[in-house]
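A.B. asks: sharing a model prediction with you, sequence too.
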Amino acid sequence: MSLRIAHTADLDPADLRAARTLLHEAFGGDFADSDWEHGLGGLHALVHDEAGLAAHGSVVMRRARHRGRWLRVGYVEAVGVRPDARRRGHGGRVMAALERIVERAYDLGALGASDDGARLYTVRGWQRWPGRICALSPDRGIVRLVAEEGDVFVWPALAGALDPAHELIFDWRDGDVM
């Protein structure tokens, strides 16, 4: 079993196809092209086993404003484990690599999690953000994302200066904003 960390630019087309296929399978076919695009442009953690790519995750830079300050956010994206390789620690290996990157390179770590995925993050220490979540829309200004509240987690090692009485305002992106 091996773990590889690589920037999107350093992955060849076969690596990217394998990761995209794995995520399609890991999410039961519910992984849109925009979801895939959100995971590109940063660093990828890839775990290979004897059958090929077993797990993937990436961390990309986003911006979030909190209490009038724009923060560099290491946003975790596209975390998935091949269905036949689950419950073997692959997701944890991916997350450990991404958490190291977040801690060393960003002001804040964040991610959006489904109910199914939340367990992986909470057992690792990620904390559900209790405050408001907003985004800076290109045509409506700051909009509150009520449906996303409760689904955003922050990495506690970097979240100490955050005040949940003040919202996190993320940059806008196509597809699911969070």
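C.D. replies: Cool, got the structure.
A.B. asks: from here on, contacts and neighbour counts on C-alpha atoms
C.D. replies: OK.
A.B. asks: what residue lies at the spatial centre of this structure?
C.D. replies: V76 (1.9 Å; C-alpha atoms, centre = their mean).
A.B. asks: right, and that residue touches L111 too?
C.D. replies: Yes: between V76 and L111 there is a contact under C-alpha atoms under 8 Å: 5.1 Å.
A.B. asks: ok, D171 touching G141?
C.D. replies: No: D171 is beyond contact range of G141, at 10.8 Å (criterion: C-alpha under 8 Å).
A.B. asks: who's more crowded, these two?
C.D. replies: D171 (18 against 10; other C-alpha atoms under 10 Å).
A.B. asks: count of residues packed around the closest residue to H66 other than its chain neighbours?
C.D. replies: Leaving out its chain neighbours, the residue that sits closest to H66 by C-alpha to C-alpha, 6 or more residues apart in numbering is L168, at 5.2 Å. By the criterion of other C-alpha under 10 Å, L168 has 24 neighbours.
A.B. asks: what's opposite L168 in the beta bridge?
C.D. replies: I133 (DSSP bridges).
A.B. asks: ok, it - contacts?
C.D. replies: L168 sits next to A64, R65, H66, G131, R132, I133, C134, A135 when contact means C-alpha atoms under 8 Å, 6 or more residues apart in numbering.
A.B. asks: is the last one in a helix, a strand, or coil?
C.D. replies: With DSSP: H, G, I helix; E, B strand; the rest coil as the basis, the three-state label of A135 is strand.
A.B. asks: let's verify A147: helix, strand, or coil?
C.D. replies: Secondary structure, three-state DSSP: A147 is helix.
A.B. asks: I'd like the next helix or strand past the helix or strand R119 falls within.
C.D. replies: Per DSSP states H and E, R119 falls inside helix 115-123. Downstream of helix 115-123, the next assigned helix or strand under DSSP H and E is strand 127-128.
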